[in-house]
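>>> just the structure for this:
(chains A and B)
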2 protein chains.
Amino acid sequence: MSEFVSKVDREARNRAAETLKKQFLTLVDQLERGEPLVMEIPKRTLTNTVYDEKRKLLLLGEEKMKRSFLDMNEARRFMQTVLMGSIIYDALVNDEYPTIRDLYYRGKHSIVLKDPRGKTHEENTWDEQKESDSVIIDIEVFTSLLREEMLILSKEKGKVVGDMRLRSGNDIIDLSKMGHGAYSIEPTPDLIDFVEVNAEYVLVVEKDAVFQQLHRAGFWRKYKCILITSAGQPDRATRRFLRRLNEELKLPVYILTDADPYGWYIYSVFRIGSISLSYESERLATPDAKFLGVSMGDIFGTPKKKAYLSERERSSFIIKAKDTDIKRALEIKNYEWFKTKSWEEEINMFLQKKSKLEIEAMASKGLKFLAFQYIPEKIQTRDFVG
Amino acid sequence: MSEFVSKVDREARNRAAETLKKQFLTLVDQLERGEPLVMEIPKRTLTNTVYDEKRKLLLLGEEKMKRSFLDMNEARRFMQTVLMGSIIYDALVNDEYPTIRDLYYRGKHSIVLKDPRGKTHEENTWDEQKESDSVIIDIEVFTSLLREEMLILSKEKGKVVGDMRLRSGNDIIDLSKMGHGAYSIEPTPDLIDFVEVNAEYVLVVEKDAVFQQLHRAGFWRKYKCILITSAGQPDRATRRFLRRLNEELKLPVYILTDADPYGWYIYSVFRIGSISLSYESERLATPDAKFLGVSMGDIFGTPKKKAYLSERERSSFIIKAKDTDIKRALEIKNYEWFKTKSWEEEINMFLQKKSKLEIEAMASKGLKFLAFQYIPEKIQTRDFVG
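I've put the predicted structure just below:
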């Protein structure tokens, strides 16, 4: 197998195996010192999740939890963590590329034991993937290694085109030469090298079909941008890839979604990360990302600007918000990072009009309108919600 | 816009506009001859859907329906068809790349009319996308143009890597130089030119994450194959791309899915097409495709071969079939193209064992097992269900 594996992967493997080993060897040290076995892991609770105003990131706080082998309540989870650590380590040194699903299978078995009275007990290592996934997160937090750094792969939906060359594995890929297709981002975006980039900003489009339209119309060529689609809710690799474009190449990032709470949430995941997984935000979030649209102001106009839709277009295109949309909007309104003047106006306008709009409605006014008027005008006048 | 658009697209546009125009001009001929307006369209009903034993394809039969403008029951649909035809034609000549969603928006409006008594009536062109989608299919059948040939775009999930060069748009893309990423198939795969192909077969993997694993392990390099994932239920572009690889390059096609009725259905869509959309099968289906696995025989063994799983692995990996799985299996058993000896054995074994298995369980035995033993051995011994 190794003859086909890239040098980048081999190096990443060695780094991760080293770190993992070092971290778990602290347990052996404890044993040798005759101490009770304890793992100290940053707490992943909501109360230990803080929104860092300055860095504009959701981060884990200082609190740690201790997981003791000799505590009956924690022994099971302790064992699970050690089991998963050893499975991942084995995978690393054996040139494997597991997924979280097959890590679940790799560790799934029943342990049979006899108690002092000779009675047989059977205990499963874990029953559902939810359990093993949670253990993987523990290991990420315990070792400060993202799963991608441990060569754990996953499905990947993100695509990219633009005037840029990158190195992935043993190849240099020219993202301006993808024809009508696109480059599918790899599941381990930290292993990518940016070789050469000729772009002024990054446009992220929620919908794959709209990405196809803009790509086909030559949008990224005309406006010198990198065009990305997350194809819906973004996955980790797309988020990390975007963050690197922003952080390392200093490219501004604009997000284009439907005008509805689900679109805002997608923007929120790119910008802040998900609340329950704040441990990863520090690496995956792009706090600099701007919400380009579609905004309520684009649909209805504001005191300061004309609407992009006519009365007649509004009556054909607008979709009535559902109760779940309203509920979602009220939740989002409470997130710290939505407590800005422009977001409050946006959300209030939505709650008042109870209307949502898909990007496709904008495209139906003509792809020329969407690609060569609406988007560039919004960027030029810095008409963001943020 | 046109400065950025590829020559291939311009030519495709002209061809489609010409055909569309010619077909709709037959209505003008009818008018000029003073005849009542009638469109004759192949019937898309189940009774007019036949399974062609020899070509192994689901095809539309000979029956046609007549849609008359002067028939009160058909006038609405007649008008919708003409409206959609004109919207698509406009999009073609204006360098647009609509999606079916924005075609819906483009045509959506209310027509207000006064009856002889002065009373006002309002009629919507269409209310839901279901209606406009159905009209698009009518136009595909009426003109014998697939929507892709009319430059109607859609989201696309299919990815491919392998030792092959293709021309898409203005670029030549080397699918053996994608690094750890992959090439995202374009939504109009008929516009692709196969420039150079060095492969012995095509392996299609249902699951994107397993595709990533095989790609990363160098599977396609070692076994000289084209590796594709449909990322679940295949879309039209992935199906058409696969068909072209099979038909034009004579490459055998093997499909690898989970061992369950949903996996069989994915295979069935690649091989035969969906029953309700048989008009497209003739172009999108790959009747030559073989079901490689995972098969019930792989899990449990048969009188002729040893199982790939040990008793202990079975007890950890197997998932109990749900009632919906059983129901699905019984339905599938009735499809003409599943009425072969090996499929009957496969389905009966499933119904008897009531067990299913994910490919990830095979990967959890080691990627080396999956990539360098299980798959190549199955191909070499021609151990298909078919």
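
>>> from here on, just use CA atoms for contacts and neighbour counts.
Fine.

>>> any idea how far residue A:61 lies from residue A:44?
Separation of residue A:61 from residue A:44 (C-alpha to C-alpha, to the nearest Å): 9 Å.

>>> do residue A:86 as well
22 Å.

>>> which stretch of helix or strand covers the residue of the stretch 201-350 of chain A found nearest chain B?
Taking C-alpha to the nearest C-alpha as the measure, the point where the stretch 201-350 of chain A comes nearest chain B is residue A:209, at 4.2 Å. The secondary structure element spanning residue A:209 is helix A:208-216 (assigned by DSSP states H and E).

>>> contacts for that helix?
Taking C-alpha atoms under 8 Å, 6 or more residues apart in numbering or on different chains as the criterion, the residues outside helix A:208-216 that touch it are A:161, A:180, A:205, A:220, A:227-232, A:359-360, A:363, A:367, A:371, B:5, B:97-99, B:153-156, B:187.

>>> centre of the chain to that helix, how far?
Remark: helix A:208-216 is offset 21 Å from the chain centroid, using C-alpha atoms, centre = their mean, to the nearest Å.

>>> next structured bit after it?
helix A:219-222.

>>> and the contacts of the helix or strand just after that next one?
In the C-terminal direction, the helix or strand that comes right after helix A:219-222 (DSSP H and E) is strand A:225-229. Residues outside strand A:225-229 that contact it (C-alpha under 8 Å, 6+ apart): A:158-164, A:198-208, A:211, A:215, A:220.

>>> mind listing which of the residues you listed are in strands?
Filtering these for membership in strands, criterion DSSP state E, returns A:159-161, A:164, A:201-205.

>>> the helices in the stretch 251-386 of chain A, which residues?
Using DSSP state H, counting those that start in this stretch, the helices assigned to the stretch 251-386 of chain A run over residues A:261-271, A:278-284, A:296-300, A:311-317, A:323-333, A:341-353, A:359-364, A:367-369, A:375-380.

>>> pick out the shakiest of those helices, pLDDT-wise.
Across these, the stretch with the lowest average pLDDT is helix A:278-284; it has a mean of 86.

>>> for that one, packing partners?
Counting contacts by 3 or more C-alpha pairs under 8 Å, 6 or more residues apart in numbering or on different chains; DSSP states H and E, helix A:278-284 is packed against strand A:57-60, helix A:236-249.

>>> would TSV of those with distance to chain B, mean neighbour count and mean pLDDT be doable?
Formatted as TSV, the entries for those read as follows, by distance: least, C-alpha to the nearest C-alpha, whole Å; neighbours: other C-alpha atoms under 10 Å in any protein chain shown; pLDDT from 0 to 100:
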stretch	distance to chain B	mean neighbour count	mean pLDDT
strand A:57-60	28	24	85
helix A:236-249	11	21	97
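
>>> mind putting these in a markdown table, distance to residue A:39 included?
Supplementary listing: the helices and strands packed on helix A:278-284 in a markdown table, determined by distance: least, C-alpha to C-alpha, whole Å:
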| stretch | distance to residue A:39 |
| --- | --- |
| strand A:57-60 | 17 |
| helix A:236-249 | 27 |
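
>>> find the nearest non-adjacent residue to the residue most central in space within chain A, please.
Among the residues of chain A, residue A:236 comes closest to the average C-alpha position under C-alpha atoms, centre = their mean, at 3.3 Å. Counting by C-alpha to C-alpha, 6 or more residues apart in numbering or on different chains, residue A:236 lies nearest to residue A:284, which is 6.9 Å off, once chain neighbours are set aside.

>>> surely the one you found meets residue A:239?
Yes - the pair residue A:284 / residue A:239 is scored as a contact, 5.4 Å apart, by C-alpha atoms under 8 Å.

>>> so what sits against both of the two?
Residues touching both residue A:284 and residue A:239 by C-alpha under 8 Å, 6+ apart: residue A:270.

>>> state the mean pLDDT of the lengthiest helix in chain A.
If you go by DSSP state H, chain A has its longest helix at helix A:7-32. Mean pLDDT, helix A:7-32: 95.

>>> list of residues touching the next helix or strand after that helix?
Moving toward the C-terminus from helix A:7-32, the next helix or strand (DSSP H and E) is strand A:38-42. For strand A:38-42, the surrounding residues in contact (C-alpha under 8 Å, 6+ apart) are A:27, A:60-69, A:78, A:138, A:141-142.

>>> kindly report the residues of the stretch 201-350 of chain A close to chain B.
Counting by C-alpha under 8 Å from any C-alpha of the partner chain, the residues of the stretch 201-350 of chain A lying close to chain B are A:207-210, A:212-213, A:216-218, A:221-222, A:316-317.

>>> for those residues, which two are the farthest from each other?
The largest separation in these, counting by C-alpha to C-alpha, is between A:221 and A:316 at 32.2 Å.

>>> need phi/psi at residue A:50.
With angles defined as degrees, to the nearest 10, residue A:50 sits at phi -120, psi 150.

>>> and residue A:323, how many residues sit next to it?
Burial measure for residue A:323: 10 neighbouring residues, criterion other C-alpha atoms under 10 Å in any protein chain shown.

>>> list the contacts of it.
By C-alpha under 8 Å, 6+ apart, residue A:323 has no neighbours at all.

>>> now it: how far from residue A:265?
According to C-alpha to C-alpha, residue A:323 stands 16 Å off from residue A:265.

>>> domains in chain A, by residue range?
A:7-150, A:159-381 (the TED database).

>>> out of these, which is closest to residue B:51?
If we rank the domains of chain A by C-alpha to C-alpha, the stretch that ends up nearest is domain A:159-381, at 32.5 Å.
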